[in-house]
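Colleague: For reference, the sequence and a predicted model appear below.
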Amino acid sequence: MGSGQTGGKETALKALVTGGGGFLGQAIVRGLLGAGAQVRSFSRSGHAALQALGVEQVQGDLADAGAIAAAVRGSDTVFHVAAMPGIWGDYADYHRANVTGTRNVIAACRQHAVQRLVYTSSPSVVFDGRDMQGVDESLPYPRHYEAHYPRTKALAEQAVLAANDAQLATVSLRPHLIWGAGDNHLLPRLVARARAGQLRRIGARQNLIDTIHVENAADAHLLAAERLSPGSVVAGRVYFISQGEPVPLWDMVNRLLHAAGAPPVTRSIPLWLALGLASGFEAAHRLSRNPREPRLTRFVVRELSTAHWFDIAAARRDLGYAPRISIAAGLEQLRIALQTANAGGRA
């Protein structure tokens with residue numbers, strides 16, 4: 001991807017990546033650069049890694065419509081990756097970043113005649129607390145959410161899909177549990193809790209889950225942009241993307257911990273006890289107005305005790321998506337990267 005024809009001359013794709021300094025954002029940026037695109041990043045702060053790549057960086061807040069419009073100007077494709085993650089905090093903050101921010105991105109795309117908007121969503125937007133086993137994109141949004149993140153991401157996704165028309169083509173991708181070298185969110189939390197002896201299996205089920213290596217997730221985003229145009233088959237659609245090889249959740253957790261040189265999770269607690277503890281932690285944090293995330297929440301308990309794997313046939317068919325890096329290969333890459341980083345830190 002990354003080129004078009006203007007007056008007989010080939011022109012490079014001009015892309016904006018919101019959240020370009022984040023884990024997935026950087027992978028998308030690297031993929032775009034490799035395809036010869038001109039890339040700009042929008043995020044709250046500057047990133048040395050992007051500077052080293054020679055990427056233009058614009059700093060600002062998603063809720064600042066003027067800042068977003070300035071960043072979008074001159075782009076023909078926007079990858080909206082930035083969001084407020086996590087599972088605890090004020091709803092207003094989540095809405096401001098995830099919903100208002102996305103509406104600002106859509107408005108900026110229209111203002112500057114951008115034709116393609118690729119949105120990074122999450123399978124959590126359709127999670128109702130029960131198993132999701134081999135489900136496809138026909139699964140409806142639930143009536144109730146136990147966390148602000150999936151609720152606001154669902155509202156943002158619906159806004160993106162509703163914005164699809166003859167001038168602006170939009171598509172939404174739902175990657176599940178992104179991992180790989182450079183992860184600054186999921187793996188560090190797992191490792192810290194494992195080393196502190198705070199991780200427990202919840203229940204006795206071997207619930208299967210899907211995951212996705214960060215480079216496979218980036219590939220899917222680039223493929224979506226390549227096939228996206230007003231009236232195309234992918235326009236106005238949503239796609240689950242994953243490794244396509246469901247694995248038992250706690251097996252995957254332990255494989256990630258092993259790659260990081262951290263102890264495995266061996267102890268467990270019953271589901272009923274985990275839900276009770278989570279309710280207690282949440283109540284205590286609300287009463288004390290503690291802004292920090294509780295040690296356990298009901299949303300996390302239900303995520304860890306249910307199955308989450310998806311039918312990615314639509315992504316294979318419409319996007320031409322096929323996972324390039326297997327779980328085994330990705331884990332080996334991760335192990336080597338972490339060993340190299342640790343050796344460098346000791347030098």
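Modeller: Yes, it's here.
Colleague: Any idea how many residues pack against Glu155?
Modeller: If you look again at residue 155, you'll see it is Leu, not Glu. A count of neighbours around Leu155, defined by other C-beta atoms under 10 Å, yields 19. From N, CA and C alone the C-beta is placed, and that goes for glycine too.
Colleague: any idea which element it lies in?
Modeller: helix 148-162 (DSSP states H and E).
Colleague: Now for Arg335: which residues touch it?
Modeller: Residues near Arg335 by C-beta atoms under 8 Å, 6 or more residues apart in numbering: His258, Ala259, Ala260.
Colleague: And for the residue nearest to the last one when sequence neighbours are not counted, the neighbour number?
Modeller: Looking back up the chat, that one is Ala260. Computed as C-beta to C-beta, 6 or more residues apart in numbering, the closest residue to Ala260 that is not its neighbour in sequence is Val191, at 5.0 Å. By other C-beta under 10 Å, 20 other residues sit near Val191.
Colleague: coming back round to it: please name every helix or strand in contact with the helix holding Leu155.
Modeller: Helix 148-162 sits against helix 91-94, helix 101-111, strand 116-120, strand 169-175, strand 237-241, with contacts defined as 3 or more C-beta pairs under 8 Å, 6 or more residues apart in numbering; DSSP states H and E.
Colleague: thought the residue nearest to Ala260 was touching Asn254?
Modeller: No. Using C-beta atoms under 8 Å, Val191 is not in contact with Asn254, being 11.9 Å away.
Colleague: Quick one: neighbours of Ala314, just the number.
Modeller: For Ala314, using other C-beta under 10 Å, the count is 20.
Colleague: Same check on Pro142?
Modeller: Neighbour number of Pro142 under other C-beta under 10 Å is 16.
Colleague: go on, Arg295?
Modeller: Neighbours of Arg295 (other C-beta under 10 Å): 13.
Colleague: Show the contacting residues for the closest residue to it other than its chain neighbours.
Modeller: With sequence-adjacent residues excluded and distances taken as C-beta to C-beta, 6+ apart, Arg295 is closest to Phe281, at 5.6 Å. By C-beta under 8 Å, 6+ apart, the residues touching Phe281 are Pro294, Arg295, Leu296, Thr297.
Colleague: again with Ile312
Modeller: Ile312 makes contacts with Tyr239, Phe240, Ile241, Ser242, Gly244, Tyr321, as judged by C-beta under 8 Å, 6+ apart.
Colleague: ok, now Ala307?
Modeller: Asp131, Met132, Gln133, Asn207, Leu208, Ile209, Pro246.
Colleague: Repeat that for Arg298.
Modeller: Taking C-beta under 8 Å, 6+ apart as the test, what Arg298 contacts is Glu146, Leu275, Ala278, Ser279, Glu282.
Colleague: quick one: it from Asp61, how far?
Modeller: 30 Å (C-beta to C-beta, to the nearest Å).
Colleague: quick one: Gly34 and His285, what's the gap?
Modeller: From Gly34 to His285 the distance is 44 Å (C-beta to C-beta).
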